[in-house]
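Chemist: build me a model:
(chains A and B)
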Amino acid sequence: EDKVVQSPLSLVVHEGDTVTLNCSYEVTNFRSLLWYKQEKKAPTFLFMLTSSGIEKKSGRLSSILDKKELFSILNITATQTGDSAIYLCAAHGGATNKLIFGTGTLLAVQP
Amino acid sequence: NAGVTQTPKFQVLKTGQSMTLQCAQDMNHNSMYWYRQDPGMGLRLIYYSASEGTTDKGEVPNGYNVSRLNKREFSLRLESAAPSQTSVYFCASREAPPLAGEETQYFGPGTRLLVL
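Modeler: The predicted structure follows:
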């Protein structure tokens, strides 16, 4: 069965801390891995990763994929309260060639 | 350019009532999706439409029907609502059809549905 597992389920940090969010996947016909940030409403796209070892970076956020070990990490440096959100990981692939989502990591950044 | 829009934002139904959730996108995307999001379950795909005129079941289609009215609009219908359908429903769209390389989906703001 195709699945995506995220850890930790939740995380509380202080402003300025660096956090690492994990995503492991077991998905047949894997094509890509995506990260989304969800605040109060809809998920917003962060990164799409297709190749191993190539870091994608956007400001204080960065992500990398390891296709051999079947995982990805999302790093956030110098966290701010505005980073508080649920971070969703999704793998594109599977028997139906769709996005398969993890349950998300709830990040709370305290002032 | 509004992106993906959904109506209504909130809805309360009684068990057995029916309703249609509306979704529209103005990005000329080919593919559209309906998800539900429940605590501890993540986002689960209900139905999707790879292109105008086609629809297919996702992970959790039971109790739902969909219509791809035209390229812009993709509606989700609950014929006889049940408390288990209490959830937040998200519509999403994507430019390319399945099997293409780009898989970025753009999400609507969601519809919160409570079935009593």
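Chemist: against A:D66, how distant is the closest residue to B:G40 other than its chain neighbours?
Modeler: Nearest residue to B:G40, sequence neighbours excluded (Cβ to Cβ, 6 or more residues apart in numbering or on different chains): A:T103, at 6.0 Å. C-betas here are computed from N, CA, C, even on glycine. Remark: distance between A:T103 and A:D66 (Cβ to Cβ, to the nearest Å) = 21 Å.
Chemist: when the two are compared, which one has more neighbours?
Modeler: Counted by other Cβ atoms under 10 Å in any protein chain shown, A:T103 and A:D66 do not tie: A:T103 has more neighbours, with 20 against 14.
Chemist: using the three-state scheme, assign that one.
Modeler: Under DSSP: H, G, I helix; E, B strand; the rest coil, A:T103 falls in the coil class.
Chemist: quick check: pLDDT value at it.
Modeler: On pLDDT, A:T103 comes in at 92.
Chemist: check the gap between it and A:E69 for me.
Modeler: The value you get for A:T103 to A:E69, if Cβ to Cβ is used, is 20 Å.
Chemist: lowest average confidence, helix or strand, in chain B?
Modeler: Sorting the helices and strands of chain B by mean pLDDT, DSSP states H and E puts strand B:56-57 at the bottom, at a mean of 86.
Chemist: what are the contacting residues of that one?
Modeler: A:96, B:47-50 (Cβ atoms under 8 Å, 6 or more residues apart in numbering or on different chains).
Chemist: most neighbours among these, which one is it?
Modeler: Counting by other Cβ under 10 Å, top hit in the contacts of strand B:56-57: B:Y48 with 25 neighbours.
Chemist: from A:L99, how far off is it?
Modeler: As for B:Y48, its distance to A:L99 is 10 Å (criterion: Cβ to Cβ).
Chemist: name the residues contacting each of these two.
Modeler: Residues touching both B:Y48 and A:L99 (Cβ under 8 Å, 6+ apart) are B:Y33.
Chemist: for the chain, give me the ranges with low pLDDT.
Modeler: Looking at chain A here, since you left the chain open. Applying pLDDT under 70 to chain A flags the ranges A:96.
Chemist: sorry, should have said chain B
Modeler: Low-confidence segments of chain B, defined by pLDDT under 70: B:1, B:96-103.
Chemist: rerun at 90
Modeler: By pLDDT under 90, the low-scoring segments of chain B are B:1-2, B:29-31, B:39-45, B:48, B:50-54, B:56-59, B:69, B:94-106.
Chemist: dead centre of it: give me the residue that sits there.
Modeler: Residue closest to the average C-alpha location in chain B (Cα atoms, centre = their mean): B:W34, at 2.4 Å.
Chemist: so that residue bridges to which residues?
Modeler: Counting by DSSP bridges, B:W34 is bridged to B:Y47, B:C91.
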